[in-house]
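Chemist: my questions concern the predicted model and sequence given below.
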Amino acid sequence: MKAKERFFFRLAYGLAVFTIVYNIFEGIFSLYFGLEGESVTLFGFGVDSFIEVVSGMGIAHMVRRIKRNPQEKRGHFERKALRITGTAFYFLALGLTFVSVFNIIIGHRPKATFWGVMISVFSIVVMWAVVLGKKKAGEKLQSDAILADAYCTLVCHYMSMVLLLSSVVYAVTGLGYIDSLGGLVLAWLALREGKRCFLRIGSERPLLF
């Protein structure tokens, strides 16, 4: 293996590990402040972060495997991680939909969205840098699997933007249902990602951008 290839494999693996650690801390803060501020969007964002931890473990394992043997088929550990991740996304979508609709019906208003703004802005910057790094590594290594991981991180970036938009709009307008609408958008994204996970289980060629 050439030195350039080794560098990009190290980059891909390092970014996968960073994504795991980052999502753990992001999840803890989002769940705590989501509960404290009674924000369904921020809480849902926190749950998604922990789902991404499971997904990230599968990705890190995958990067190590394809470094050893690029032609090897998808491993059992990766399929199991995808199955768990996909199922968790479906439950997240169901839970967010139920809570969001219920909150709209009763006219629930979150206490505050300050932390939603702070966490989402930080996440948007960090995740975009990670997406670019993973995409660069995937292109240089001509790896569909690493490019697919970059796409998953891009979805996290989109979720951060949804959180930011709903938090800012609520802070400006004070309309309680805005937070719940943000939760419904997150539910839709979670449903899409859950479907993609199960599609990837049976595909040797990961879904790309």
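Modeler: That came through, no problem.
Chemist: show me where pLDDT drops low in this structure?
Modeler: For the chain, the stretches flagged by pLDDT under 70 are 1, 70-78, 203-209.
Chemist: top helix in it by residue count?
Modeler: The residue-count maximum for a helix in the chain (DSSP state H) belongs to helix 3-36.
Chemist: tell me what it is packed against?
Modeler: Other helices and strands packing on helix 3-36, by 3 or more Cβ pairs under 8 Å, 6 or more residues apart in numbering; DSSP states H and E, are helix 40-68, helix 114-141, helix 144-173. (C-beta placed from N, C-alpha, C; glycine too.)
Chemist: who wins for proximity to Leu96 among those?
Modeler: helix 40-68 (4.7 Å; Cβ to Cβ).
Chemist: could you pull out the buried residues of the closest one?
Modeler: Buried positions in helix 40-68, judged by neighbour count with 16 or more other Cβ atoms under 10 Å: 40-63, 65-67.
Chemist: and what of stretch 20-33?
Modeler: So for stretch 20-33, counting by 16+ other Cβ under 10 Å, buried means 20, 22-23, 26-27, 29-31, 33.
Chemist: before we move on, back to that, next, format the helices and strands packed on helix 3-36 as a markdown table and append distance to Leu82.
Modeler: Shown next, in a markdown table, are those (distance: least, Cβ to Cβ, whole Å):
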| stretch | distance to Leu82 |
| --- | --- |
| helix 40-68 | 6 |
| helix 114-141 | 17 |
| helix 144-173 | 10 |
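Chemist: and those helices: which comes nearest Ser180?
Modeler: The closest of the helices and strands packed on helix 3-36 to Ser180 is helix 40-68. By Cβ to Cβ, the value is 6.0 Å.
Chemist: quick one, what contacts Ile104?
Modeler: 177, 180-181 (Cβ atoms under 8 Å, 6 or more residues apart in numbering).
Chemist: tell me the angle of the strand or helix carrying it relative to helix 144-173?
Modeler: For Ile104, the element it lies in under DSSP states H and E is helix 76-106. Angle of helix 76-106 versus helix 144-173, following axes from the mean of the first three to the mean of the last three Cα atoms, to 10 degrees, is 20 degrees.
Chemist: grab the nearest non-local neighbour of the residue most central in space within the chain.
Modeler: In the chain, the residue lying closest to the centroid (Cα atoms, centre = their mean) is Cys156, at 3.6 Å. Excluding the flanking residues, the one nearest Cys156 by Cβ to Cβ, 6 or more residues apart in numbering is Met127, at 5.3 Å.
Chemist: what does Arg192 give?
Modeler: Val155 (7.8 Å).
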